[in-house]
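A.B. asks: Sequence and computational prediction follow.
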Amino acid sequence: MALPKIEDARQLGDKELDEEIVAVKRRLFELRLQKATRQLEKPHQLKHSRHRLAQLMTVERERQLAAAQATEKEE
């Protein structure tokens, strides 16, 4: 399984992006719980989930900066 691409995250709307971030954080919690109880069958899922979360949060921050820059130009 390949790592997810950031272009997929950039195509999401703002609400979808927020929902995806919450879902990935929940998934990471579940994976860490499975790892602690030695039930984790696919350890690479931790890496993929962390990578996906970083991508989503990067896109969210890019949008925040773009919005701040747009309002700064209007003033």
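C.D. replies: Looks like it arrived, so ask away.

A.B. asks: residues touching the residue nearest the centre of the chain, list them.
C.D. replies: Nearest to the mean C-alpha position of the chain, counting by Cα atoms, centre = their mean, stands Leu53 at 2.5 Å. The contact partners of Leu53, taken as Cβ atoms under 8 Å, 6 or more residues apart in numbering, are 21, 24-25, 28. To be clear about C-beta, it is placed using only N, CA and C from the backbone, and glycine gets the same treatment.

A.B. asks: which among the residues you listed gets closest to Ala36?
C.D. replies: Leu28 (12.5 Å; Cβ to Cβ).

A.B. asks: Check the closest one and give its pLDDT.
C.D. replies: On the pLDDT scale, Leu28 is placed at 97.

A.B. asks: And the one 3 residues further on, by the same measure?
C.D. replies: At Leu31, the model reports a pLDDT of 97.

A.B. asks: SS state for it?
C.D. replies: Judged by DSSP: H, G, I helix; E, B strand; the rest coil, the three-state class of Leu31 is helix.

A.B. asks: For the longest helix along the chain, what is the distance to the chain centroid?
C.D. replies: Secondary structure assigned by DSSP state H gives helix 44-74 as the longest helix of the chain. Relative to its chain's centre, helix 44-74 lies at 8 Å (Cα atoms, centre = their mean, to the nearest Å).

A.B. asks: Okay, buried residues for it please.
C.D. replies: The neighbour-count check on helix 44-74 (16 or more other Cβ atoms under 10 Å) flags 45-46, 48-49, 52-53, 55-56, 59-60 as buried.

A.B. asks: re the thing from before, quick one: which of the contacts of Leu53 is most hemmed in?
C.D. replies: Greatest neighbour count in these, by other Cβ atoms under 10 Å, goes to Val24: 21 neighbours.

A.B. asks: how far away is that residue from Ala66?
C.D. replies: The spacing between Val24 and Ala66, counted by Cβ to Cβ, to the nearest Å, is 22 Å.

A.B. asks: rewinding a little: and the buried residues of helix 44-74 as JSON lines, adding pLDDT and distance to Gly13?
C.D. replies: Converted to JSON lines, the buried residues of helix 44-74 look like this (pLDDT from 0 to 100; distance: Cβ to Cβ, whole Å):
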{"residue": "Gln45", "pLDDT": "95", "distance to Gly13": "26"}
{"residue": "Leu46", "pLDDT": "95", "distance to Gly13": "27"}
{"residue": "His48", "pLDDT": "95", "distance to Gly13": "23"}
{"residue": "Ser49", "pLDDT": "96", "distance to Gly13": "21"}
{"residue": "Arg52", "pLDDT": "96", "distance to Gly13": "17"}
{"residue": "Leu53", "pLDDT": "97", "distance to Gly13": "18"}
{"residue": "Gln55", "pLDDT": "96", "distance to Gly13": "16"}
{"residue": "Leu56", "pLDDT": "97", "distance to Gly13": "13"}
{"residue": "Val59", "pLDDT": "96", "distance to Gly13": "11"}
{"residue": "Glu60", "pLDDT": "96", "distance to Gly13": "12"}
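
A.B. asks: All set, thanks.
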